[in-house]
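Peer 1: Fold the following, please.
(one chain, ligands or ions: 1)
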Amino acid sequence: MSQRFFVSCQIGLEELLEQELHEVFPWLLDLDFRPQTSGFQLLEKAKGGIEIETEFHLGLQLNYFLKVASRILLRLEKRDRIQEFFQLERSLKAIGLKKHLGSKPFSIQVDCSQSRLGQEKKVQATVEKALESQGLIPTPEPSQKVLVRIHKDQLSVSLDTSGEHLHFRGYRKFQGIAPLRESLAAAALMLLRGDRSLGSLQHGELLDPMCGSGTLLLEAAQLYQPNFNRGYAFESWTQLPVLLQKYPRKKMNVAGLPFQRFIGLDHDPQVLELAKKNVSEDFPSMDWLVQDFFSFQRDPSLESELWVVSNPPYHERIKADFSMEDYVKKLQSLKPRRLALVLSEKQAAGFRKLWPGLSDISTDNGGLSIRIIFSSTDLQW
Ligand SMILES: C[S@@+](CC[C@H](N)C(=O)[O-])C[C@H]1O[C@@H](n2cnc3c(N)ncnc32)[C@H](O)[C@@H]1O
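Peer 2: As a prediction, this is how the structure comes out:
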């Protein structure tokens, strides 16, 4: 049965999310446990997400695979010109939420903007009344979330399929003071890889010279792998197909970004201990070195390609005790084949003057505007 899903992401990452949807869809399974063949239809690319139409069991499986997404909503209703409370009530009664939720505890989140039904409290009361008449009573400790949005008189009612935001992967048990959001790390790594096939990375080294708790390297090892380290809200729904009740929870053949070596440097031994603790047996082995980036020397006899990902301290969170000039000079001295840097807007402006010609996209990390600067093709030295 075809359904609509809204896959949300941080503003600025929509293009990457679309790319990721195309990349992961071939790995999803059909109801008979074989690779799916029906795909998805892209309905709308909006600010902060993409609306797609696909089979129910495929949309839910996306939770396991998508790394750039924030969460996946199952659209239960989308209706224009909802201007009266009785229309709202009627729409909610027609949805049949009980089919999914059974008697699971749930909460309602209402968001109204630029609409005739603009009073969120009154809308909330109407929604509660409509659901209560079907025996669905919101509770203070919910495991499920129903989202009701009225924007420009258009009503959309969705059920959150993800639960905790998808950037909580479950592997980062320990973190430093300025950790990078995992979805952002995944975005930087997808930009770093660009047009390169996974096979072509096997002889390369991935270096994060200021790795903190290791998010970029850990994400690199997990990219394109399904995530079974955590639970998802949909897993406790009633009437799930057998496929989703008995999903084969195994690794894919592709092992993240298959670099031959992962190297993380940080001059702070304590944060590096946290990074090491985050590495479970699911990860390839990684080298964690307590070292100042500016004194790091790469063995000049090494012929393997060096790829660099870096998220240096933003002045806003941790003070950086080096200049952008020194940072750029050091990066260039390593002659990386490819590069992706997660910088604050201010750092990015300085960086671009010193090293022009690279690509970039802008988004945010926990409310701070940031830019991912990257080489979209191989750098020549
Ligand atoms: C923004 S944090 C990195 C956060 C990391 N991406 C994560 O998710 O945990 C920057 C890190 O750079 C490290 N750092 C700062 N200056 C350094 C230097 N000169 N050499 C090596 N590490 C440095 C800090 O100790 C800090 O852990």
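Peer 1: Which stretches in the stretch 251-381 of the chain count as helices?
Peer 2: Remark: helices assigned in the stretch 251-381 of the chain by DSSP state H, counting those that start in this stretch are 269-278, 324-333, 345-354.
Peer 1: Same question for the stretch 101-250 of the chain.
Peer 2: Going by DSSP H, counting those that start in this stretch, the stretch 101-250 of the chain shows helices at 120-132, 182-193, 215-222, 242-245.
Peer 1: still on that earlier bit, tabulate the helices of the stretch 251-381 of the chain in a markdown table, adding columns for mean neighbour count and mean pLDDT.
Peer 2: Where C-beta positions appear, they are placed from N, C-alpha and C, glycine not excepted. What follows is the helices of the stretch 251-381 of the chain, written out as a markdown table (neighbours: other Cβ atoms under 10 Å; pLDDT from 0 to 100):
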| stretch | mean neighbour count | mean pLDDT |
| --- | --- | --- |
| helix 269-278 | 16 | 92 |
| helix 324-333 | 16 | 96 |
| helix 345-354 | 16 | 95 |
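Peer 1: Which among those helices is found nearest to residue 126?
Peer 2: Ranking those by their distance to residue 126 (criterion: Cβ to Cβ) puts helix 345-354 first, at 41.9 Å.
Peer 1: Not counting its own residues, what contacts that closest one?
Peer 2: Helix 345-354 is contacted from outside by 312, 314-315, 324-325, 327-328, 341, 343, 358, 360, 362, 369-371, 373, using Cβ atoms under 8 Å, 6 or more residues apart in numbering.
Peer 1: CA atoms only: put that helix into PDB for me.
Peer 2: Taking Å, rounded to 0.1, in the frame of the first residue of the first chain, the C-alpha atoms of helix 345-354 are listed here in PDB:
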ATOM      1  CA  GLU A 345      30.400  31.000   9.200                       C
ATOM      2  CA  LYS A 346      33.100  33.300  10.500                       C
ATOM      3  CA  GLN A 347      35.900  30.700  10.100                       C
ATOM      4  CA  ALA A 348      34.600  29.800   6.600                       C
ATOM      5  CA  ALA A 349      34.800  33.500   5.500                       C
ATOM      6  CA  GLY A 350      38.500  33.600   6.600                       C
ATOM      7  CA  PHE A 351      39.200  30.200   5.100                       C
ATOM      8  CA  ARG A 352      37.800  31.100   1.700                       C
ATOM      9  CA  LYS A 353      40.100  34.100   1.400                       C
ATOM     10  CA  LEU A 354      43.100  31.900   2.100                       C
END
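Peer 1: Great, nothing more from me.
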